[in-house]
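**Q** Make a model of this:
(chains A and B)
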Amino acid sequence: MNTAITHSELILYYYNECSAECKAFIDNNLASNPSWSAYLEQMAELFHEFDFAEWPHPTTSSIILEESLSFLPTVSHD
Amino acid sequence: MDAPMITDGVLIQRYIAGNQAAFETLLKRHKARIFTSIYVLVNDRYLAEDIFQEVFIKVVQSVNAGKYNHEDKFLPWAMRIARNLSIDHIRSRKRMPMVTDSEGGDIFDNIGLFEKSPEQLRIEKDKNAHLRSLIWKLPEEQREVLVLRHYADLSFKEIAALTNSNLNTCIGRMHYAVLNLRKMMQKNAVAVK
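**A** Numbers count the residues shown, from 1 in each chain, chains lettered A, B, ... in the order given. As a prediction, this is how the structure comes out:
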């Protein structure tokens, strides 16, 4: 494998989307390439900082559930 | 041992067969990812609520019309709807009137997190708002890739398909988004000092 690893490959590695060959190569050579580990650490730090989640208002979810229920066949109690 | 997770495709089949709880599970599973993505994309909670509702109404209608044929690819499909609606809304900026509390704050920000103290809520709200504002400063293409990868959890291949872009273009945009956000964070840290 070509020894020149690009930022694109490091990004794919970070997200576990690179090929098995690329992953093995980076794993085996990470220790001897401080610039790779620095880049990966920067990504990890940044995304740790940006790791937040927001939830919709409960009313919004209720409206959606009501809508989903309206399509289901109704049961007659006659 | 954990029970195996029921796939999205199976949940949709069960819902079509009349199982409302299956739809509820699907909504519960994906609502944070989809809502966060929309919220970060439009940077407006009211608009995000509207779009989120619109997305799931479209989902319900499509599924019940027999138009769902994506099996377990529910999230990329729903995110495609969310992304397209977000873009439409950003461009037209149809805003609902803002509803505020007695102090002029956003009433939605005070709902749903009652287990936290007011101080914790304030800190979290300020921090998230600050982070969203930084993401909002990114060029649109970078912001979109960042949101779809980091918050919606789509793969770069799925993002490339969704945005009709080349895979390498998407990864390149992510690289620049990372560089730009780091620069903004560093600048902010200096400003705080």
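
**Q** Give me the distance between the spatially most central residue of chain B and chain A.
**A** The geometric centre of chain B, computed from its C-alpha atoms, lies nearest to residue B:37 (Cα atoms, centre = their mean), at 1.7 Å. Between residue B:37 and chain A the distance is 9 Å, computed by Cβ to the nearest Cβ, to the nearest Å. For glycine as for every other residue, the C-beta is placed from the backbone atoms N, C-alpha and C.

**Q** can you pull the contacts of that residue?
**A** Under the criterion of Cβ atoms under 8 Å, 6 or more residues apart in numbering or on different chains, the contact list for residue B:37 reads B:79, B:82, B:83, B:147, B:148, B:151, B:152.

**Q** And for residue A:69?
**A** Contact partners of residue A:69, counting by Cβ under 8 Å, 6+ apart, are residue B:20.

**Q** ok so, going back, same question for the helix or strand where the residue nearest to the centre of chain B lies: list its buried residues.
**A** Following DSSP states H and E, the helix or strand that holds residue B:37 is helix B:20-42. Buried residues in helix B:20-42, counting neighbours by 16 or more other Cβ atoms under 10 Å in any protein chain shown, are found at B:22-27, B:29-31, B:33-42.

**Q** after it, next one along is what?
**A** Moving on from helix B:20-42 towards the C-terminus, the next helix or strand you reach (DSSP H and E) is helix B:45-64.

**Q** ok, is that following helix in contact with chain A or not?
**A** Yes. Shown here: helix B:45-64 in contact with chain A (Cβ under 8 Å from any Cβ of the partner chain) through B:45, B:48, B:49, B:52, B:53, B:56, B:57, B:60, B:64.

**Q** about what we covered before: of the contacts of residue B:37, closest to chain A?
**A** residue B:151 (7.8 Å; Cβ to the nearest Cβ).

**Q** Spell out whether the host helix or strand of residue B:119 and chain A are in contact.
**A** In this assignment (DSSP H and E), residue B:119 forms part of helix B:118-136. Yes. On the criterion Cβ under 8 Å from any Cβ, helix B:118-136 is in touch with chain A at B:124, B:127, B:128, B:131, B:135.

**Q** Could you pull up the mean pLDDT of that helix?
**A** pLDDT averaged over helix B:118-136 equals 82, rounded to a whole number.

**Q** Please identify the buried residues of that helix?
**A** For helix B:118-136, the buried set under the neighbour-count rule, 16+ other Cβ under 10 Å, comprises B:128, B:131, B:132, B:134, B:135.

**Q** Pop the domain breakdown of chain B in here.
**A** Taking automatic domain parsing as the domain assignment, the record places the domains of chain B at B:1-96, B:115-193.

**Q** So which residue is dead centre in chain A?
**A** For chain A, the residue nearest the mean C-alpha position is residue A:15 (6.4 Å; Cα atoms, centre = their mean).

**Q** contacting residues around that residue?
**A** Contacts for residue A:15 (Cβ under 8 Å, 6+ apart) come out as B:149, B:155, B:156.

**Q** what does chain A have sitting close to chain B?
**A** Neighbours of chain B within chain A, by Cβ under 8 Å from any Cβ: A:7-8, A:11-12, A:15, A:17, A:42-43, A:46-47, A:49-50, A:52-58, A:60-61, A:63-65, A:67-69, A:71-73.

**Q** neighbours around residue 19, how many?
**A** This is for chain A. Neighbouring residues of residue A:19 were enumerated by other Cβ atoms under 10 Å in any protein chain shown; the total is 12.

**Q** look at chain B instead
**A** Under the criterion other Cβ under 10 Å, the count of neighbours that residue B:19 has is 14.
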